[in-house]
Each structure stands twice: as C-alpha cells, then as structure tokens.
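Visitor: Following is a predicted model, sequence given first.
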Amino acid sequence: MLSDASDGRIEIHILNAGVACGESIVIRLPHGGYGVVDCYARSLRNENTNPTVEFLQRRNVDTIEFLCLTHPHSDHYRGMSQILRKFRVLHFWRFGGLSAGELRWLAGYKRLDAEQSRCRGAISDAQEFQDILSLARKLRKGPGGLRVTLVQSKQQLYPCPVDASAACQIWALAPCGNSISDYQERLNSCFSSNRVLLKTLPHRFHNTVSVALLVRFGQTCVILGGDVEKAGWGHVAEEFNADALAAHVVKVSHHGSVNGYTEHLWEHFSSGRRTVAVVTPYHSRGLPQREALEHIGKHVDSILTTFTPTEPRSVSASRGPYPSPLESRIALRQLLQARTATGDRPFGRCTLVYDGFGGCLDVELKGVAAKVLR
Amino acid sequence: MSPSRSSVLDFGTQSDLDENAESGLPLEDTTGRYAELDRASATTIRQSLRDAQEVIVRMNGNAFNRGRLYVDATREYRQMADESRHNTLTPILSGVRSGAQYTWQGSAEGQLGLRIRGQADDASLRIRPSVQVSELLHTIRELDESNRRELARSPLLRNLLNEASETRQAREDATVIEELKGYVEEIDGDTAYVRLESPEGEILYGQYPAAELDANGIRERRSFLCRVTRTRSGLGVQFQASRDAVLSEGDVERIWREVDAALGTEDSDDAF
C-alpha cells in the first residue's frame, strides 16, 4: 500500500556532465521531494557545467531532502559545494566511520598529497573536498540546520525520522564496519606524529568506504552501488539475504569494473526481475571494461550508459585541430593504446521512472546517454 | 707516461672500484642543515663533484617504498648549475622505488646532499665524472697489464663502459618529436592508466605496465614527462618522473592551519 502523499512514481535520474567521467544522481521521491547522490561538475568555477544544478533549477527545486557523498573521490564530489550553496539541503549523508577529527586528517591528506603532486586538478579537487566539509559544518549550525548522518550498512536513512512502515525507504547496504575500521587505520598510518604526510594510499583504496544505497518504493527496488568493489559486495552478501538485493534498477558500481561485483552478485540483483543496469563510464581509467559489461549483460534486461563511448579517432585523423606530429601519435598508440579524449559534450541523462509495483513507466535517454545493450 | 692507479680514480670514485661498491657510499648521520629540518630521520651524504658529468643515485632494496628521498644541491652547486643551465639538480625525488636509478646531468663543482626520510640503509650514490669512452679505453691501455686485467674483471667498470657508450649513442641518435605532460590517473593491478597532454592542449588517454613506470620512479597520481623520439631503430617513447613539490615545514603548517580553520578542531562524531 503506497502512502496517500505519494503520486505513485519514483524517478531516478543518472546524470553526466558531458565528459567521460563523473557521476551524479538525482532521485525524485514519490511525494515530490528530491534527493541527490554524488555530484560531478566539469568546472568548479562555472555552475553551468554542473548537470545536477542545471537539472534541479530547471525543475524549480529549492530544497533537497538529502545529499549523499558516497566516498571521497572527486568524480563523485566535484561540484557538491555548488549544491550546498545553491539549495537548502536538509540532510547530509556521508560515508561513515570517520569522526570529525579523522575527516580532518583525510582533508589534510588530500591537500598535502595534491600540493606535492603539483597537479592543478588534484589541488582544486582537494580544496573542493575541504569546502564541502566546511560548508556542511557551517550549515548544521542553528535551528533547522543541516543534519549530518554517517552512513554505515544496515542503517535506514530515509524517511527522516525513520519510519519502518513508510512506502518509500532508503537503506545503506555499504560500507560495513570492518571496511571502515581498516580504512581508519590505513589513513592514520600515513602521517607522522607531527602531521607530516609520510606515504599515500592507493587511489582506489578510498572505495573501501563507499556507500551503496537500496531505495525501496513499494515493491520497486533500486540499488545505487557507488564505487563499492568486490570485498564490499562480499560484506553486503553476508549481511543481506539475496531476496533483499533483487532490483529493478542498478547503478553499476565502480563504473563497470570487473572489481565491481562478486561472482553471484548479479544473479541476486536480477533475481526474478527485468533489471536495468546503468553504467557511468570513466574512460581514462578504461571503464567500463568489456568483460564486466559481458558479465552484467548475461543477467540484465538492458544496460544504459550516461556517456556514449566514441571510437578512437584514426591515427590519420588524430591531427584534428592540433598540429600534433603524426609520427608521435603512431608511437603513442602503439605503446599506450592512446586515444584522443573527446572534447566537452552536452550533458547526458538516463531517467528511469517506476511505479510502486515494479512497473517501469518511462525510460528516457538524453544528450550523450545511450543504450549499450538490447 | 706511466699510468697510475690514481689516474683511474680520476674517472671513477673510489666507491666505483671498491669491492663494496654495490652498497655504495656509506650513509652517515648528519649534523648538517638537513638535520635541522628533520633531525629524527634525515641522513646526508655529501660528496664532492669534481668535473662531474653525471650524478647517479641508485636505490636498492625495499626501504624506500616507505620513505622519500630528497636530493638537494648546495647553494654553490645550484648557482653553478643554474649558470650553466643545468638546473636539473633542484631537488626532489619522491616515492623512490627499489632498483630505480635517477640520473642528473651537469657539470660543476660543488657538493650534493642526499637527504633521506625513512629507512635508507641501502641507498647508494655514485658520482660519475665526465668520461668519454675513448678516453677511458686510453686510460686502461696505459695501465700496466696486471691492473688492466684486474679492472677488466670489474663488473662495475664493464657496466660503466657499456652504459656510457649506450647513453652517448642514444643521445646522439634520438630526435625528440614531441614532449607531452603525463599524469598517472590510477594504477589498477599491473596497469597504469595515464593521461597525456600535448603542448597544444590535446588530451590523450592510454595505459602502460605499472611496473615499468614504477621503475622510472613514476607513481600513481603523479606527473611525468613523456618524450617521443625518433631513433635509427624507429620511434621510441621515454618517460621521466616529474619531481614532487618540496613542502617546507612552513607549507605543511599553512595547509594544516587552513584545514583546521575550515573544519574546526572539535572531534565529536557529529561535528559534520
């Protein structure tokens, strides 16, 4: 039985900023409210490059019920400060486990590592991470201020306050406690007692604490996998029974990496459902991987992508607008399988609309989004 | 002209020819200026550079996987290096890897300080003065027979000869077609995913064996220089690690001040 306040539909909008990376998700809840999971903008200086801001403004949204930061990778948080500045956000869900003190260590870690690397993009991303946390800290002050929740698995996050009988519920599938304590320990070991950064962690290690969400509306089930990898899904499988994971929509975790699933995970996801999988590519990291798409394709009804992959331009055409030496491109293609990146393109959007009975009401693909399977 | 052992030592340091040369120069506890920066863990090697053409720092063992290696020149050396447009000695190696070798080319007199943070008991630093292969051979020919045989057996000398020859050959033959700025986006198992940017702003993505980049001191989320060259044998691509920025104590303190100002100092779980 769906709530009286519900209009009987839930909308999942998975957005792309017109580049071959980044992930932004907007959920239009059945009662008309909005939630946001992660965010990626092409530029931190220009809000017009932020597909989440553009989408919400076009719908005249001024209040966001929840904003979720799944994990501390910039392809999931760049531009989130623009959302915190632009909209009234009621709840901020962030990857769990780290206390305020430990989160400060993480912010310092990112700043120091970026400064050492001299990479301008890394420096601005580290600053953005700090800005998001700083804004969250400021906004929580005063009555009616932002409420911050540290997400851990098996936790009901929505509605707030928790209502176990609500028609629309959101639960955390990941991260689990073990992953969090391991992350805390490894992060702390990077510093000397006087806060000098002694070593860095593998970039992917931050996926250890990635949040994965389970959105339920009546009988409809949506899984937003964040960047959870194999070990994380292993914990999920231990903590949730297979029936709980059967989903109509799955935002594929870790951009379609073969590390983004366990052997039987997709059997659980697709159990008895016509599941739709949505991939958010990360081309510079070689994602999605063909092997992963083939595996997922065996289990789902269709695979959508928020960004249309383009074929590498031929060597002879690689000069493009650039006077690049042809010989050089030949060498780089041979050695590195190098391909020219696409320039900025229109935003992409995969929209899936479901009723509360598992029925798909609409699928819309806009801009650079496309169907890659079936 | 009667050859002497000292004439040999002019082109190779004592450590090059020592039986213990594999372990390089001994690392000494420092009382110098580097120790002021990090007294607990700094170690300094100082070695005169007389007519040096190449300075080779070679790392062996695993200790450096947990530490960083800083190389700095004394002011005098840097000035001279700058004057001669060999400013490549300015400072850092970071994420030094086992078995990797870093080479600077320059020609000056001065001293090189090698400051190592972390465990450093198996580093070596070798100074290779200006050597022409032909001169070397000439020198060897001038040695008496017993010394010549002794030197010929030395693997280090053989390597020196071979490397010098190969390096010179490579320098003479290679024509640089293009230089691109590289950045290692991520290392996933054996594969490094890299981004290259041409001087005109063209962006390329590619992948490369992570171990080979690692051997060149190129790590995840770090920059490097990608040089495409044309040689007699065809096209080649070379990678060279870019040095990390040196964060002074003041820099580190400033960053932490900014972080603390932005995020406060309270430690309660629900602060933000």
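Guide: Yep, that arrived. Remember, it's a predicted structure, so these values are computed and weren't measured experimentally.
Visitor: Would you map the helices across the stretch 101-250 of chain A?
Guide: A:120-139, A:177-188, A:230-239 (DSSP state H, counting those that start in this stretch).
Visitor: Quickly check: the longest one near chain B or not.
Guide: Yes: judged by C-beta under 8 Å from any C-beta of the partner chain, helix A:120-139 comes into contact with chain B through A:122, A:130-131, A:133-134, A:136-137. Backbone N, C-alpha and C define where each C-beta goes, glycine included.
Visitor: Then the shortest one?
Guide: No: Helix A:230-239 lies out of reach of chain B by C-beta under 8 Å from any C-beta, never closer than 12.5 Å.
Visitor: Quick check: whatever residue of the stretch 251-374 of chain A ends up closest to chain B vs B:V184, distance?
Guide: Per C-beta to the nearest C-beta, A:L336 is where the stretch 251-374 of chain A lies closest to chain B, at 3.0 Å. According to C-beta to C-beta, to the nearest Å, A:L336 and B:V184 sit 12 Å apart.
Visitor: same deal with A:F95?
Guide: 25 Å.
Visitor: Equivalent analysis for A:L365, please.
Guide: 33 Å.
Visitor: Of these two, give the one with the bigger neighbour count.
Guide: More neighbours surround B:V184 than the other of A:L365 and B:V184, with 24 against 17 (other C-beta atoms under 10 Å in any protein chain shown).
Visitor: That one reaches B:G217, doesn't it?
Guide: No: with contacts counted by C-beta atoms under 8 Å, B:V184 stays clear of B:G217, the gap being 11.3 Å.
Visitor: where does B:S6 land on pLDDT?
Guide: At B:S6, the model reports a pLDDT of 18.
Visitor: most neighbours, which of the residues of helix A:120-139 next to chain B?
Guide: A:L133 (28 neighbours).
Visitor: Let me see the contact set for that one.
Guide: A:103, A:107, B:262-263, B:272 (C-beta atoms under 8 Å, 6 or more residues apart in numbering or on different chains).
Visitor: still on that earlier bit, now tabulate the residues of helix A:120-139 next to chain B in JSON lines and tack on distance to A:H203 and pLDDT.
Guide: Shown next, in JSON lines, are the residues of helix A:120-139 next to chain B (distance: C-beta to C-beta, whole Å; pLDDT from 0 to 100):
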{"residue": "A:A122", "distance to A:H203": "10", "pLDDT": "93"}
{"residue": "A:Q130", "distance to A:H203": "18", "pLDDT": "97"}
{"residue": "A:D131", "distance to A:H203": "21", "pLDDT": "97"}
{"residue": "A:L133", "distance to A:H203": "19", "pLDDT": "96"}
{"residue": "A:S134", "distance to A:H203": "23", "pLDDT": "95"}
{"residue": "A:A136", "distance to A:H203": "23", "pLDDT": "94"}
{"residue": "A:R137", "distance to A:H203": "26", "pLDDT": "92"}
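Visitor: rewinding a little: what is the nearest of the contacts of A:L133 to A:C21?
Guide: A:A107 (22.2 Å; C-beta to C-beta).
Visitor: just checking, that closest one touches B:E258?
Guide: No: between A:A107 and B:E258 there is no contact under C-beta under 8 Å: 9.4 Å.
Visitor: about what we covered before: in a markdown table: the helices of the stretch 101-250 of chain A, plus distance to A:Y158.
Guide: Formatted as a markdown table, those follow (distance: least, C-beta to C-beta, whole Å):
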| stretch | distance to A:Y158 |
| --- | --- |
| helix A:120-139 | 18 |
| helix A:177-188 | 21 |
| helix A:230-239 | 18 |
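Visitor: any idea which of those helices scores lowest on pLDDT?
Guide: Mean pLDDT is lowest for helix A:177-188 out of those, coming in at a mean of 88.
Visitor: So which bits of that helix are buried?
Guide: A:179-180, A:182-184, A:187 (16 or more other C-beta atoms under 10 Å in any protein chain shown).
Visitor: follow-up on the earlier one: now for A:L336 and B:V184: what residues contact both?
Guide: Common neighbours of A:L336 and B:V184 (C-beta under 8 Å, 6+ apart) are B:V194.
Visitor: Residue ranges in the stretch 251-374 of chain A under the pLDDT threshold?
Guide: For the stretch 251-374 of chain A, applying pLDDT under 70 flags the ranges A:309-324, A:374.
Visitor: how about the strands in it?
Guide: Per DSSP state E, counting those that start in this stretch, the stretch 251-374 of chain A carries strands over the ranges A:276-279, A:302-305, A:339-340, A:348-354, A:360-367, A:370-373.
Visitor: Let me know which of the ones you listed is tucked in deepest.
Guide: Most buried of these, by mean neighbour count (mean count of other C-beta atoms under 10 Å in any protein chain shown): strand A:276-279, with a mean of 26.
Visitor: Using PDB, list the CA coordinates for that strand.
Guide: Written as PDB, here are the backbone C-alpha positions of strand A:276-279 (Å, rounded to 0.1, in the frame of the first residue of the first chain):
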ATOM      1  CA  VAL A 276      18.100  -2.400 -16.000                       C
ATOM      2  CA  ALA A 277      21.700  -1.600 -15.300                       C
ATOM      3  CA  VAL A 278      23.100   1.900 -15.700                       C
ATOM      4  CA  VAL A 279      26.900   2.400 -16.200                       C
END
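Visitor: which other residues reach it?
Guide: A:14, A:248-252, A:255-256, A:288, A:293, A:296, A:300-306, A:350, A:352, A:360, A:363, A:372.
Visitor: List the strands paired with that strand, with their directions.
Guide: strand A:249-251 (parallel), strand A:302-305 (parallel) (DSSP bridges).
Visitor: So for B:V176, which of the ones you listed sits nearest?
Guide: strand A:302-305 (38.8 Å).
Visitor: how much space between the residue lying closest to A:M80 once chain neighbours are set aside and A:H73?
Guide: Nearest non-adjacent residue to A:M80, counting by C-beta to C-beta, 6 or more residues apart in numbering or on different chains: A:C39, 4.3 Å away. Per C-beta to C-beta, A:C39 is found 12 Å from A:H73.
Visitor: Also A:I12?
Guide: Relative to A:H73, and taking C-beta to C-beta, A:I12 is found at 21 Å.
Visitor: so A:L56 is in which element?
Guide: Secondary structure from DSSP states H and E places A:L56 in helix A:51-58.
Visitor: And that helix, what's buried?
Guide: Buried residues in helix A:51-58 (16+ other C-beta under 10 Å): A:51-56.
Visitor: among those, which are within reach of chain B?
Guide: Of the buried residues of helix A:51-58, not one also sits near chain B (C-beta under 8 Å from any C-beta).
Visitor: and those residues as a markdown table, adding pLDDT?
Guide: Output for those, formatted as a markdown table (pLDDT from 0 to 100):
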| residue | pLDDT |
| --- | --- |
| A:P51 | 97 |
| A:T52 | 98 |
| A:V53 | 97 |
| A:E54 | 97 |
| A:F55 | 97 |
| A:L56 | 98 |
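Visitor: B:R254: which of those is nearest?
Guide: Nearest member of those to B:R254, counting by C-beta to C-beta, is A:V53, at 31.5 Å.
Visitor: ok, that closest one touching A:E47?
Guide: Yes: with contact defined as C-beta under 8 Å, A:V53 counts as touching A:E47 (5.1 Å).
Visitor: hey, what's in contact with both of those two?
Guide: Common neighbours of A:V53 and A:E47 (C-beta under 8 Å, 6+ apart) are A:41, A:82, A:86.
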